[in-house]
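> how would this look folded up:
(one chain, ligands or ions: 1)
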Amino acid sequence: MIPVHAPLVLDCGAGGTVSRSGRHFLQIPGPTNVPDRVLRAIDAPVIDHRGPEFAELGHAVLEGMRAIFQTRSHVVIYPSSGTGACEAALSNALSPGDRVVIMETGWFSHVAWRQVAERLGLLVDYAPGTWRRGASPDDLEARLAPDRQHEIKAVVVVHNETSTGAASRIADLRAVMNRLRHPALLIVDTVSSLASIDFQLDEWEVDVAVSGSQKGLMVPPGLGFNAVSEKALKASAAKKVKSTSTYWDWHEMIRVNASGYFPYTPATNLLYGLREAIAMLQEEGLPNVFHRHARHGEATRAAVRAWGLEILCEEPCEYSNVLTAVLMPEGHNADRLRTLILERFDMSLGTGLGKLAGKAFRIGHLGSFNDLMLAGTLGGVEMGLAAAGVPHRPGGVAAALARLAQVD
Ligand code: PLP
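Presented below is the predicted three-dimensional model:
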């Protein structure tokens, strides 16, 4: 594989030589392209995180993130990846030995949740899924209904499963919990849905939402988030086994955040970037951000259908608007296609994760993204399919452009 910053002229074997000029297309489903405005905001002197200027920045990002999570409750920002924020949620909300239902949706429900939960000593009831759908409300009901003693303390759902391109219907899952009057906490992973697909913490009565900076928020990797309901905060304070973690502790964080500061050194320059990204999202307006992603999702799926390829997600009402996972025809390897596209067209696509390795590739269409970037992305895929000899029909890009014109 050729590194992104390789010398200017690439040898593409049978396809001849191509000079690498223009911008790299980073079309994995996160980290996403960082807008120049955000990059410029990050490029500033570091300030004293205990000095007078800092509190203004702290207040601005905390308040801004509340609007993005659509909550009036608490938001906690860690200098961490998304996995760190998952660990923070579980270790604050639950005690070792607690029972938790985790809905299997794909790779991330496993590595970011099941694995982390088990290492924290939680007793995981992993509700099986096919990796081709979101979490099923019926399956959740089947897990919760027999639990009359309320031994299950939390339900964990990945809102947008980044490995499959299937989105779970959080409001429907919450409705099941309410119908059963089950008091378990609802913990939702919004790492790849926040600021791309509608997510409403308060309205959907989500207790803890977890996210990261590097996807819909358009900030480089390095910030992790927990949005925490009052119910989750109380449950955490009342835990039978107190958390031993200083780093992830919600209570200390929220106490110090009240004055705009952090209990330990925050990622100052990423917070400058976050402040700018929030301003951009506010200028566009969240409903328009969601609509933009929906249009690009629709158009991408139109392209995949026109190519005669299969969309991994089987349920139309669970299609992800931030990425599309595409199944390869039998006998063709997705990673070979991705490598060819990277080498010849300088575009990165998402790899198949876990049991999808080699079988599927993922087109990211989220974050700082527009119609022409989508046209370029799909153009790269279509040229790659032809160059790699993958059986397909031409006309995917044209179908996508036609769909873009329709969806307004
Ligand atoms: N959850 C989901 C849905 C993700 O997509 C990811 C990463 O892509 C994670 C959790 C883990 O985040 P990170 O890789 O930042 O630790």
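
> and the biggest helix by length in the chain, C-alpha only, in PDB?
As assigned by DSSP state H, the longest helix anywhere in the chain is helix 286-307. The C-alpha trace of helix 286-307 is given here as PDB (Å, rounded to 0.1, in the frame of the first residue of the first chain):
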ATOM      1  CA  LEU A 286     -28.900  20.800  12.800                       C
ATOM      2  CA  PRO A 287     -32.100  19.900  10.800                       C
ATOM      3  CA  ASN A 288     -30.200  21.000   7.600                       C
ATOM      4  CA  VAL A 289     -27.200  19.000   8.700                       C
ATOM      5  CA  PHE A 290     -29.400  15.900   9.100                       C
ATOM      6  CA  HIS A 291     -31.100  16.600   5.700                       C
ATOM      7  CA  ARG A 292     -27.800  16.900   4.000                       C
ATOM      8  CA  HIS A 293     -26.600  13.600   5.300                       C
ATOM      9  CA  ALA A 294     -30.000  12.000   4.300                       C
ATOM     10  CA  ARG A 295     -29.600  13.200   0.700                       C
ATOM     11  CA  HIS A 296     -26.100  11.900   0.400                       C
ATOM     12  CA  GLY A 297     -27.200   8.600   1.900                       C
ATOM     13  CA  GLU A 298     -30.000   8.300  -0.600                       C
ATOM     14  CA  ALA A 299     -27.800   9.200  -3.500                       C
ATOM     15  CA  THR A 300     -25.100   6.700  -2.500                       C
ATOM     16  CA  ARG A 301     -27.600   3.900  -2.200                       C
ATOM     17  CA  ALA A 302     -29.000   4.800  -5.700                       C
ATOM     18  CA  ALA A 303     -25.400   4.400  -7.000                       C
ATOM     19  CA  VAL A 304     -24.900   1.000  -5.400                       C
ATOM     20  CA  ARG A 305     -28.200  -0.300  -6.800                       C
ATOM     21  CA  ALA A 306     -27.400   1.000 -10.200                       C
ATOM     22  CA  TRP A 307     -24.100  -0.800 -10.100                       C
END
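
> Given the helix or strand that comes right after it, what are its sheet partners and their directions?
Tracing the chain C-terminally past helix 286-307 and defining elements by DSSP states H and E, one meets strand 310-311 next. Taking DSSP bridges as the criterion, strand 310-311 forms sheet pairs with strand 323-327 (antiparallel).

> got the angle for the strand it pairs with vs helix 286-307?
20 degrees (axes from the mean of the first three to the mean of the last three C-alpha atoms, to 10 degrees).

> what mean pLDDT does strand 323-327 have?
Mean pLDDT, computed over strand 323-327, is 99.

> Ok, stretch 375-390 next?
Stretch 375-390 comes out at a mean pLDDT of 98.

> what does stretch 299-312 give?
On average, stretch 299-312 scores 98.

> Just the buried residues of it, please?
Residues of stretch 299-312 classed as buried: 299, 300, 301, 302, 303, 304, 305, 306, 307, 309, 311, 312 (neighbour count, 16 or more other C-beta atoms under 10 Å). No exception for glycine: its C-beta is placed from N, CA and C like everyone else's.

> related to what we said a few turns ago, can you spell out which helices and strands pack onto the longest helix of the chain?
When contacts are defined as 3 or more C-beta pairs under 8 Å, 6 or more residues apart in numbering; DSSP states H and E, helix 286-307 packs onto strand 310-311, strand 323-327, helix 371-387, helix 396-406.

> now those as JSON lines including distance to the ligand?
Shown next, in JSON lines, are the helices and strands packed on helix 286-307 (distance: least, C-beta to the nearest ligand atom, whole Å):
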{"stretch": "strand 310-311", "distance to the ligand": "18"}
{"stretch": "strand 323-327", "distance to the ligand": "9"}
{"stretch": "helix 371-387", "distance to the ligand": "19"}
{"stretch": "helix 396-406", "distance to the ligand": "24"}
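
> I'd like to know which of the ones you listed is closest to residue 225.
strand 323-327 (19.9 Å; C-beta to C-beta).

> Centre of the chain to the closest one, how far?
Offset of strand 323-327 from its chain centre (C-alpha atoms, centre = their mean, to the nearest Å): 15 Å.
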